[in-house]
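>>> Structure for the following, please:
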Amino acid sequence: MITCYLNYIIDPNKMKEFEHYAKLWIPLVNSFGGVHHGYFLPSEGKSNVALALFTFESFALYETYRNASFKNKECLEAFDYAQKTKCILSYERSFFKPLFQ
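Below you'll find the model as predicted:
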């Protein structure tokens, strides 16, 4: 199991646009076999940092999703929306594996 952690730097003046972008991706990740754990938007503290977490059963399945997303019409529209609105200034992607007792 692998969890993708996305740390976004967003334009706080474009929160509605970022929320729309996030709502596009949750069902898309799920449709590719992942489990999206949601987006986490600024509340207290920094007003320009948002997070997202989603899990795939393996890194190989994540890579399959990632490659397919660059060919999928809905994914391409979501990527394009973020570029047009400039709601995302930058992001970092990291991967984690869970540890259970």
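>>> In space, not sequence, find me the middle residue of the chain.
A centroid search over the chain (Cα atoms, centre = their mean) returns residue 52, at 5.1 Å, as the residue closest to the centre.
>>> The nearest residue to it once chain neighbours are set aside and residue 101, how far apart?
Leaving aside its chain neighbours, residue 52 sits nearest to residue 6 (4.2 Å; criterion: Cβ to Cβ, 6 or more residues apart in numbering). Quick note: C-beta positions are derived from backbone N, CA and C, even for glycine. Distance of residue 6 to residue 101, given as Cβ to Cβ, to the nearest Å: 27 Å.
>>> who's in contact with residue 95?
2, 3, 4, 5, 59, 62 (Cβ atoms under 8 Å, 6 or more residues apart in numbering).
>>> What pLDDT is listed against the last one?
In the prediction, the pLDDT value recorded for residue 62 is 97.
>>> Check which helix or strand it maps to.
Assessed by DSSP states H and E, residue 62 sits inside helix 59-69.
>>> follow-up on the earlier one: show the buried residues in the contacts of residue 95.
In those, burial by neighbour count holds for 2, 3, 4, 62, counting by 16 or more other Cβ atoms under 10 Å.
>>> Those in helices, which ones?
In helices, judged by DSSP state H, the following of the buried ones among the contacts of residue 95 are found: residue 62.
>>> want to throw the buried ones among the contacts of residue 95 into CSV with distance to residue 38?
Listed next are those as CSV, based on distance: Cβ to Cβ, whole Å:
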residue, distance to residue 38
2, 17
3, 12
4, 13
62, 17
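>>> Please, where are all the strands along the chain?
For the chain, the strands defined by DSSP state E cover 2-10, 35-40, 49-56, 88-96.
>>> now the angle from the last one to strand 49-56?
If you take axes from the mean of the first three to the mean of the last three Cα atoms, to 10 degrees, strand 88-96 sits at 40 degrees to strand 49-56.
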